[in-house]
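Q: the sequence isn't on hand, but the structure is:
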């Protein structure tokens, strides 16, 4: 039971879990899509996404609370607002493009994707960069090794190659021990 508790803590601290909490539902991604297309007003989001007003309101509030969008008053209309991407929201764009590419590659209609992105200055279609290994070869899942990062909780240090549940600080304070560190590597 203690390991289950530790895994829950590790999930709570996980960057992917936190990202999914912020943008991990269908409506939020579709709202971001529309924001990337230039939509800013509540009624436009509703029209283009086909979302009920109560759900739209909730999702926009969530994106604003997460700092992904900002709610800005419209000077020409008292009591009306527009929703604009923040730097954090704009920084999500490559992630959105990766998701779109996967959908275009695996789920689009035979005729192809509904929307493509062109370079504004040249008019050329934007090409998605291929992920490469350190040696310049196309990256495959089999090429990666998962290791604990600097912010890893003890559960993940142990899971991904840490030698025990103590942190580096705990080990430094305890002094050297004669033991062989774990050589576990995930592939």
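A: Cool, the structure landed. Computed from a predicted structure; not experimentally measured. Numbering: from 1, shown residues only.

Q: verify the stated contact: residue 46 with residue 53.
A: Yes. The pair residue 46 / residue 53 is scored as a contact, 6.2 Å apart, by C-beta atoms under 8 Å. Every C-beta, even on glycine, is put in place using the N, C-alpha and C of the backbone.

Q: those two: who's more crowded?
A: residue 46 (17 against 11; other C-beta atoms under 10 Å).

Q: for residue 31, see how far away the more buried one is.
A: Going from residue 46 to residue 31 by C-beta to C-beta, to the nearest Å gives 10 Å.

Q: shared neighbours of these two, anything?
A: residue 56 (C-beta atoms under 8 Å, 6 or more residues apart in numbering).

Q: domain map for this structure?
A: 7-91, 130-187 (automatic domain parsing).

Q: hey, which helix or strand in this protein has the poorest pLDDT?
A: When the helices and strands of the chain are compared on mean pLDDT, DSSP states H and E, helix 168-174 comes out lowest with a mean of 50.

Q: quick revisit: a markdown table for the domains of the chain, including distance to residue 112?
A: Below are those laid out as a markdown table (distance: least, C-beta to C-beta, whole Å):
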| stretch | distance to residue 112 |
| --- | --- |
| domain 7-91 | 17 |
| domain 130-187 | 20 |
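
Q: of all these, which lies closest to residue 123?
A: domain 7-91 (17.9 Å; C-beta to C-beta).

Q: please enumerate the strands of this structure.
A: Remark: strands assigned in the chain by DSSP state E are 69-73, 81-85.

Q: which strands and helices sit next to the last one?
A: Packed against strand 81-85, as judged by 3 or more C-beta pairs under 8 Å, 6 or more residues apart in numbering; DSSP states H and E, are the following elements: helix 26-36, helix 42-49, helix 53-65, strand 69-73.

Q: repeat that for 10 Å
A: With contacts defined as 3 or more C-beta pairs under 10 Å, 6 or more residues apart in numbering; DSSP states H and E, strand 81-85 has these neighbours: helix 26-36, helix 42-49, helix 53-65, strand 69-73, helix 87-91.
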